[in-house]
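**Student:** predicted structure and sequence below. I'll ask about it afterward.
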Amino acid sequence: MSDIEISEVNSRRERSAFIKFPWQIYTNDPAWVPPLIIERKAFLNRKRHPFFRHGDAALFLARKSGEIVGRIMASDDPNYNSLHQSNVGCFGLFESIDARDVAAALFEAAANWLRAKGRTEMIGPIDYSTNYVCGLLIDGFQFPPTILTAHNPRYYRHLIESCRFIKAKDWYAWWFADPAKAVVHLRRLATRFNRRCPATIRTANLKNLRDESRRLREIYNQAWEKNWGFVPFTEPEIEFMTKELKPMLVPEFAWIAEIGNEPVGFILCLPDINVVLHDLNGRLARFGLPIGLIKLLRYKKRAQKGRLIALGVIKKYRRAGIAEMLVLRVMEETMIKRGISGELSMTLEDNFMINRFLEAIGAHRYKTFRIYSKSIARAGAM
């Protein structure tokens with residue numbers, strides 16, 4: 001590793017190089033979707049991103065003969081460790097040329113930073129926490145990533161596993177194209193369940209999004225609290241994410257279930273703006289004009305592809321048909337009325353209830369994402 005130089009990112013220029021490095025890796029990958037540079041800058045801004053109110057992170061670049069050949073982020077989330085009584089840190093935003101020595105040097109830099117925090121285990125790829133983009137794609141490389149999901153070259157799996165990481169957990173992505181049979185089945189179930197547990201299903205109030213997002217946060221933190229890798233959204237985090245996603249939200253894509261005045265479940269879908277981002281090459285403006293933004297807003301209104309990003313029901317009502325009612329409503333309003341197809345993700349490999357449900361309504365598992373783990377109690381074991 002002597003000819004590989006690892007440096008921590010400490011300037012705007014280095015941060016810009018960190019953000020733009022993926023263009024070097026994915027030049028010949030037709031499925032890759034370039035991220036918006038302005039969004040990446042906000043995501044990595046220590047002063048703006050709410051993760052840094054309770055956690056910490058560092059960015060590293062790898063150079064060989066003066067050329068950038070890889071990057072990685074190390075992050076530490078005390079909230080996660082307190083909740084799970086664990087001692088782990090994360091690596092994320094990993095990109096590298098196909099060279100084990102480069103990958104090993106990057107992982108060692110991340111591990112050293114986490115050891116200095118007192119951590120003894122490293123998991124990833126996780127960008128800050130599982131509330132953000134996470135997982136290494138291990139199958140389904142031919143399909144473009146949908147909004148807020150990962151994409152990577154096939155060889156990353158070999159690089160990571162050659163550095164002695166082992167599987168911690170797999171997540172699944174499902175594709176759903178034809179709702180016809182599912183809607184008939186779900187309508188029957190919803191009618192039966194609604195007699196026993198009358199619930200009101202309403203669209204999210206996008207005019208009062210701040211209050212609605214707080215309701216969603218409460219449901220989310222209750223519904224997911226027993227899931228592997230879960231960490232609660234803090235209030236600043238949900239406010240930040242709401243602000244980021246607001247331009248993409250469509251009323252019939254977000255629904256809330258209530259019993260009386262109590263919110264008990266929600267479902268959130270997003271138009272897959274990656275369809276447009278693929279051609280913007282990371283920039284919203286051309287020649288000083290907001291051409292990319294105009295394209296995004298137009299696409300939102302006529303989107304033909306979406307992603308079901310979250311479905312949650314509090315434990316008390318989990319077997320009361322609330323989830324079925326929410327999925328039915330989304331299918332009726334988006335897939336039936338607007339002809340939208342898309343992805344349902346991500347589900348844990350051992351969440352047998354939801355996975356069986358998705359199979360039963362005709363979804364096809366088409367991608368797998370993996371989280372890896374490695375002990376970093378001792379240095380130099382990459």
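**Tutor:** That came through, no problem. Residues are numbered from 1 along each chain as shown.
**Student:** can you show me the helices along this protein?
**Tutor:** 12-20, 22-25, 37-43, 78-84, 100-116, 155-162, 180-196, 209-223, 235-245, 274-280, 291-302, 322-330, 337-338, 352-360 (DSSP state H).
**Student:** most packed of those helices?
**Tutor:** The highest mean neighbour count among the helices of the chain, using mean count of other CB atoms under 10 Å, belongs to helix 322-330: a mean of 24. All C-beta spots, glycine's among them, are computed from the backbone N, C-alpha and C.
**Student:** what's the average pLDDT for that helix?
**Tutor:** For helix 322-330, the mean per-residue pLDDT is 90.
**Student:** go on, stretch 37-45?
**Tutor:** On average, stretch 37-45 scores 95.
**Student:** neighbouring contacts of it?
**Tutor:** 15, 18-20, 48-49, 59, 127, 244, 282-284 (CB atoms under 8 Å, 6 or more residues apart in numbering).
**Student:** give me the pLDDT value at His84.
**Tutor:** His84 is given a pLDDT of 94.
**Student:** excluding its backbone neighbours, what's nearest Gly321?
**Tutor:** Distances taken as CB to CB, 6 or more residues apart in numbering put Phe193 closest to Gly321, at 2.5 Å, once the chain neighbours are dropped.
**Student:** and the one you found, how far from Ser82?
**Tutor:** 37 Å (CB to CB, to the nearest Å).
**Student:** cool, Trp255 as well?
**Tutor:** Taking CB to CB, one finds Trp255 at 33 Å from Ser82.
**Student:** kindly report the same for Thr130.
**Tutor:** For Thr130 relative to Ser82 (CB to CB), the value is 15 Å.
**Student:** next one: Met325
**Tutor:** 35 Å.
**Student:** put together CSV for the contacts of stretch 37-45, with distance to Ile68 and pLDDT on each row.
**Tutor:** Compiled in CSV, those are given as follows (distance: CB to CB, whole Å; pLDDT from 0 to 100):
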residue, distance to Ile68, pLDDT
Arg15, 12, 97
Phe18, 8, 98
Ile19, 11, 98
Lys20, 9, 97
Arg48, 25, 94
His49, 23, 96
Leu59, 12, 98
Asp127, 19, 97
Glu244, 27, 87
Gly282, 17, 83
Arg283, 20, 81
Leu284, 25, 77
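**Student:** ok, of these, which one's closest to Pro34?
**Tutor:** Gly282 (4.4 Å; CB to CB).
**Student:** got a list of what the closest one touches?
**Tutor:** Gly282 touches 20, 23, 34-37, counting by CB under 8 Å, 6+ apart.
**Student:** low-confidence ranges, the stretch 201-350 of the chain, go.
**Tutor:** 285-293 (pLDDT under 70).
**Student:** cutoff 80 now
**Tutor:** 284-301 (pLDDT under 80).
**Student:** what about the closest residue in space to Ser373 that isn't next to it in sequence, how many residues close to it?
**Tutor:** For Ser373, ignoring the flanking residues on the chain, the nearest one in space by CB to CB, 6+ apart is Ala168 at 3.9 Å. Neighbour count of Ala168, defined by other CB atoms under 10 Å: 16.
**Student:** quick one: pLDDT of Ala168?
**Tutor:** 98.
**Student:** what's the answer for the one 4 residues further on, then?
**Tutor:** What the model reports as pLDDT for Tyr172 is 98.
**Student:** likewise Ser2?
**Tutor:** For Ser2, pLDDT reads 60.
**Student:** how about Arg12?
**Tutor:** 95.
**Student:** count the neighbours of Asn87 for me.
**Tutor:** 14.
**Student:** ok, it touching Lys117?
**Tutor:** No. If you go by CB atoms under 8 Å, Asn87 and Lys117 don't touch, sitting 9.5 Å apart.
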